[in-house]
Structure formats: C-alpha cells, structure tokens
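# Just a sequence and a predicted model for now, questions to come.
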Amino acid sequence: MIPLPSDDSEAQPRQAGHIHRRDFLMNGIKVTASLFVLDWMRVPAFAARAGKLATGPMPPKVDDSIGMLADYMTRYTVPQGNFPATGGWKATYDLIGWIGEPGPHVPPHNPPVGQLVITRKGDASGGKIGYDIDYVIHMNGWDTGLKSTMECSADRLPRLLKWQTHYENHSVNDPGRSWALTEQGECKEGVMEIVSKAGTRRFQTALPVAPQWAVIDALRGAKADPADPIAGARYDMLHNLTSYRPGQTIKPCGVLDMTIGGQPYQFHGFIQTGHGNEPTHFWVDSAGRPLLTTGGLRASALTSIQAA
Amino acid sequence: MNRPNIIFLHIDQQNPRAIGANGCRDVSTPNMDHLIGRGVAFEHCTIANPVCMPSRSSWYTGLMSEEHGQLDNNKPDMEPTVADIGPLMRSGGYDPVFMGKWHVAKPVEQSFDALFKGHGHGEIGDAETARAAEAFIANREGDKPFFLNIGLLNPHDCCMWGYDFVRFGSLGKYSLAESMIDQLPQLPPNHRLNSHPTMTADPADPTRGKWTDVDWRYYMYCYYRQVEMVDAEVGRIVSALENSRFADNTILIFASDHGDGLAQHYHYGKGSPLDPSLIAPLVFVDPGAKSHKNKSHIVSSIDVTATICDYAGVDPLPGRHGMSLRPLVEGQSPADWRKFAPASALSGRNRLIRTTDYKLINDRINNEYVMYDLAKDPWEMKDVVADPSYASTLKQLKDWMDTTESSYHYAPATIKRFEKFQKQGGQERPGAV
C-alpha cells in the first residue's frame, strides 16, 4: 500500500501572505450551495444515474473533491491589481506541477516549473488584437521555452489568424547544447498551415482555432452562468501554438466561495473538455481575473498584472 | 537502400486497444493510424516485463529482465556491465542519439549522445521532446547514418492518478466525472473480473475496490485524452521525417514499453501479466516494405534490438534471444519462427508464456497456474487451466516455460529476488540459486 502522506503542515513555517493549511481547511473553506455540483446533485436524473452506476462507494464529497485546489490555495498569494478595462496589459503566471503525489512535502507540492507572460498589445484595431507570449519551463537541466507573436480576431474568444513562434532549448549545465526551431502559422478558410524548417503541416479545421492563452483573455470578467457569452464556446485548440487538439468546449462549472488570508474570495469555474486535453478548469475571481488554470498535471497561477 | 537511418520512437503505457486504427471509437489517433496504415503492425508484441524500467532495459540490451536483473521500477538493479545497443551502433558507424524518457539503470550519456531529457510528466515535456526531434531531423547535416531514439511519455501520466486518490480522496482533481457522465466511455466486459489477484494487478494498487464505476469511466476518458496528446506529438515527428531528405532511407520503429490496464480486471496502470499491460503496439515503417498487419507471428520486445542490428548491418550483441523481425516486415514467413514469447511480471513473481492463441501464467510463490485461450477468450475472462480438454496444450506451455528458464543466465539481482520468493513459500527454480 502506498503510505498516506502525513500532514506535515505543522512543521511548515508560516509565510507572509500564506495561511496555515489546517486553519484553512477547518475554517477557511466554504463550499456554497451555489456550487454547480451540489445543484446538479439535486436533480432526479443524477440520483437515477448514481444509483445505477455506482457500485462501490458513492462519489467523493464535494469538499473532498476540491482538495487539491484548497491545498494549493494555502500557498498561493493572490496578486494585487486588475486587468485594465481598456488598453494593453501584461499578465504573468507561474507554471506549476499539479499532482497529489504522496511523500515528503519539502519542497512543497505544486512546485513552480516555469513562467508564462501574456501581453495583450492594446485594444482591438481593425477587428484584430495582437498578443506576445513568453513561456519558459525548466526541466531536467534544460530551459525550454518559446516566444511568440500572435494576431487574432477581436472576438470574445480570439481566433488565431497569423502567428510566429520561436522555440529555444538550452542545457543549463552544458551551454554548448541547444536547439531552436521557428514556426509560422496561418488560419484561413478552414485550413491551418504551420511552416517550419521541418516542413509544412496542414490541418482542416471545422471550428475557430485558438491557443489556450486566448481562452484566458476570453474569460476575463466571465461569470459561471450559462447565459455568459463564453459559455458553450466551441473551438479547436492549438496547444502551445503547435499541437492541434480539435473539438474543445468551454462550460461553466460552478462557483466556489473561499476565504484566503482572512479575505473572502469567490471563484467562477469553467471547464474545458475536448480531444487531446484532460479536463481543464479555469478559475475566475469576482474581480473578473482568471487566477488559476488547472489541468491534468500542470496548472498556472496568476502572479502579477501590469498595464502595457 | 544505403545503410538506413533508424528512428526508434517510443511512447509509454499505450494499450493497443486504445488506438483508432485498432477499432477504438472512444479516441482519435490519426497519427498512430497513419503509421499503422503505412507500416507493418504486429498484433502479438509481448513485452518482456511490462513495467517501464525492465521493459526499456530489455529493449536496449536485448535481454529478458531475469537476465539483466531489472525486475521492477523500485530501484536500479540492472548490472552496470550489461552491454546495450547504443555503443554497438556507434562502433558500427552510426550516431546514436537520444531524447526524452530513458529510464534505464545507467546514465544515458554512457550509451548515447543525449540531446534532451524531457520531463517526468508527458503533459509538460512531450511537446518539447517532439520539437527537439523535429529540430534534429530538420537541422541534421551530412550523410553519416543516425540512430535517433525518441522517448515520449504519455499516456503514462495516468499513473499519477492513484496518488491524487490517496492524498485527496478524489479522482481527477474535482470529481468531474459526475458532471460529464454522458461523455464517458463504457466499461470493458472484463472490468469486474479479478479472480486471481496476485496475477492480475499490483496488490498494492491504492485504488483497488475504492473507485466507483463512474471513477473508472472517468479514468478511461482521461487516458484516451492522454493518448490523443501523445498522438499529436507523434504526428509532428512523423511529419518532420516525411518532409525531410531522410524519408526514403529511414526505418521508423514505433513502440510502447507496455500497455495499460484500461479498467480491465479492475486494473489501471501496468505490471500485470494480462494482455492490457503485456501487449503493446509495435510498428515498423520500412519504405521498401509493403504495409500489413501481422496477426500470425508472436514477437517479443527483445526482438527490437536484434532487428535494429539487422537493418544497420551490425553484428548483434552476443548471448541474446531476440530474433530480427526484418523477414516478417518484408513479408516473409520463416518456417522456424518462434512458437511462443516468454515474459515475467509483478517484480518477477509471475513468469509466463504467450503464444498467438494461448497464455500460461505461473506465480512463483504459490506455484499457481492460470491459462487463457486467447483465440476464444481475448478478454481473458475464463481460466482453463483445470479444463481437461486443454491438458496437452497446458503440458506444452509448461514445457516451454521450464525450457526457456533453463536457458537464462540469471543476474545477481534476480537470484536474490528468487531467494526472497522461496522464503515466502515459493519453489526452487532451475538455476535460481
């Protein structure tokens, strides 16, 4: 049997801006009746399905089911400021490991593995918006990352029109080891084409194409309400501007009330599902800031916002 | 064809049933489908020991796990002096290059020019590993042949889920399953069968008996998504090769180190001697060979090394049991092809014999045997070991099992493990002590 991890939070020093895990779990978290799952569990259809399908223990309690998020929030410092209503902005996210692996918690779970900077270049002009992406992940002695410039449509969910991405990997211990690749892409009339020195890749696209980073912009100010225009959006994702994952859908999935560092926070949840993508959650706070994106084994957490 | 370049592209934990071209309707794998359609796909590729380290050690050394000593993933047990194919290919005039997951108990740099090591989670590192491969193919200069090894990790990410369950009491982070139940795949027909617990799954599996049906189906859903993730990266690499000047002079080998339980026999993950873990995809794309599915020959993961040597014109490592698959790839049907493939599982506790039609499993501690008629029972739902109508087949399989073992040169770590089994009540094995 894999040993249950011990709760060693007592041994962890309290840090400014962080709250103690046990205090948080006992006193800080409130899952309100507005949580989508609870609402949904009330409908008779659920009871019928659950009775028919669940032969083992019933599904976990709702407060257990957000355990990983609650655990992470004990170590998360909510950033100051907000996305400006007009003009450009620069949002910086920590990229973090998202796993409940048992064992010692030093270094803590959810270690930062890199950083993502999204820069929205001003307001829409001529029906288009520009973005810059700077993305770095540290792995196994390598710094691997990309810098990209994208031109998108000025829709609520920005569609990719043209982009250029430069990938670079550098060995930390052996500076002589590195490699690079530049890709240029365009979406036009239902065809996406990505060109690099390695050749041309073409994809027939039935839906608008968007990278995962455009979704973050689209969710600014979103409410977990089926009436929100972003609810039910369907698109094909170009993950990291290079891996094609078709047939994505975004749906609202509930509202969470939490108290972090004595401050009440409300999170509007959205879930993205589709091919090549483990269900991914976006958590938007009541100020309309997409704070957290949590996927299968990777998450991102907003650390700063600046006007740009 | 001049001496061909060889690309060994491996993914991790791919159940062959979870591929569109093999009939799965719950997953979209256009790139694996493309490879299967272009190449020679072996339907009976038996993994020597269906866990990452033992299996990868067998790929690269050409030895069974009892011989190289790496019986499980727990600690590095392989003998450091065991030769592998990297230096052999280098001495044969190839540039041996590695990127991505290695997971063999010796530094990859001892055997290959390691260009990029990837990450322990496919979701984080596979795209970067694929790009590294793409960049290598695009930027490669000169005419010296290369032996490029690319280790992608997914759908192995599903292994992390048990940890989430243990720590947080929930599956998939937010118990999403109930909110997307209409999208979840159906459970396989053998999901509830677990009649031989020491032979079907890791008894330490933390999820055993705790997941609901919905949990299992959600796990399957996400496993299929992880397959699709890695499929996209496979496609990028294959596209780079097909667009390159190497397209007509490169042998592409596509494989997985083992399969995945995929909810069969209450099992997720790997390590079981049952087919979901034991059988993995193996495809050879040889530009000079006609594509087909090979359903009639039993092959082993240790054959990969022998086949690479054959294509490269390099003398194989001595004392290996693997056979070159090249004649089969080229459409021949050698009369003396092997009748069975041996394997071991569960840290060496199980040994087994797999043919195209049957499987015999023996537990070394309780000396119990289980036998399946795979031709009639592909889901391994009925143990026929006590059925008198199978007596002669059972005897033949037992004979092969014992004869095979008597040909092994056991590694010191294996001998120690067998001594441990004996203390637990197991019987002495030929040459074990």
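Good, I have the coordinates. Residues are numbered from 1 along each chain as shown, chains lettered A, B, ... in the order given.

# which residue sits closest to the closest residue to chain A within the stretch 101-250 of chain B, ignoring its sequence neighbours?
The nearest approach of the stretch 101-250 of chain B to chain A comes at residue B:243, 2.6 Å away (CB to the nearest CB). Placement of C-beta: from N, CA and C, glycine included. Setting aside the residues directly before and after it, residue B:243 is nearest to residue A:199 in space (CB to CB, 6 or more residues apart in numbering or on different chains), at 2.6 Å.

# before we move on, what about residue A:121?
The spatial neighbour of residue A:121 that comes closest, neighbours along the chain excluded (CB to CB, 6+ apart), is residue A:130 at 3.9 Å.

# Give me the neighbour count for the one you found.
Residue A:130: 17 surrounding residues under other CB atoms under 10 Å in any protein chain shown.

# The residue of the stretch 101-250 of chain B closest to chain A and residue A:200 touch, don't they?
Yes: under the criterion of CB atoms under 8 Å, residue B:243 makes contact with residue A:200 at 7.0 Å.

# Compare the two (neighbour count), which wins?
Just comparing residue B:243 and residue A:200: by other CB under 10 Å the higher neighbour count belongs to residue B:243, 18 against 11.

# dump the residue contacts of the more buried one.
With contacts taken as CB atoms under 8 Å, 6 or more residues apart in numbering or on different chains, residue B:243 has the following neighbours: A:198, A:199, A:200.

# and stretch B:346-359, anywhere near chain A?
No: when contact is scored as CB under 8 Å from any CB of the partner chain, no part of stretch B:346-359 falls within range of chain A; the minimum is 15.3 Å.

# Flag every buried residue along that stretch.
In terms of neighbour count (16 or more other CB atoms under 10 Å in any protein chain shown), stretch B:346-359 has its buried residues at B:346-356, B:358-359.

# right, and the pair among those with maximum separation?
Spatial extent of the buried residues of stretch B:346-359 (CB to CB) is set by the pair B:347 and B:356 at 26.9 Å.

# Show me what residue A:281 bridges to in the sheet.
Under the criterion DSSP bridges, residue A:281 forms beta bridges with residue A:271, residue A:294.

# now do residue B:116
Partner residues in beta bridges with residue B:116: residue B:99, with DSSP bridges as the criterion.

# That one - how many residues pack around it?
The number of residues packed around residue B:116, counting by other CB under 10 Å, is 29.

# re earlier: contacts only, for the residue nearest to residue B:243.
By CB under 8 Å, 6+ apart, the contact list for residue A:199 reads B:138, B:239, B:240, B:242, B:243, B:244.

# Include secondary structure when you put those residues into CSV, please.
What follows is the contacts of residue A:199, written out as CSV (DSSP: H, G, I helix; E, B strand; the rest coil):
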residue, secondary structure
B:138, helix
B:239, helix
B:240, helix
B:242, helix
B:243, coil
B:244, coil
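
# Who wins on neighbours among these?
Neighbours here mean other CB under 10 Å. Within the contacts of residue A:199, the largest count is held by residue B:240, at 25 neighbours.

# what residues does stretch B:317-332 touch?
Judged by CB under 8 Å, 6+ apart, the contacts made with stretch B:317-332 from elsewhere in the structure are B:40, B:42, B:61-64, B:83-85, B:88, B:284, B:286, B:288-290, B:292, B:294, B:297, B:299-300, B:302-307, B:309-311, B:316, B:333-334, B:337-338, B:407, B:409.

# one more time with 6 Å, if that's ok
Residues outside stretch B:317-332 that contact it (CB atoms under 6 Å, 6 or more residues apart in numbering or on different chains) are B:40, B:62, B:83, B:284, B:286, B:289-290, B:294, B:297, B:299, B:302-303, B:305-307, B:310, B:334.

# I'd like the average pLDDT over stretch B:284-295.
Model confidence over stretch B:284-295, given as mean pLDDT, is 97.

# next one: stretch B:108-117
Average pLDDT, stretch B:108-117: 93.

# Now do it: distance from first to last residue.
Stretch B:108-117 has an end-to-end distance of 9 Å (criterion: CA to CA, to the nearest Å).

# Close to chain B: what parts of the stretch 101-250 of chain A are there?
A:101-102, A:139-140, A:144, A:167, A:179, A:181, A:197-199, A:201, A:240, A:243 (CB under 6 Å from any CB of the partner chain).
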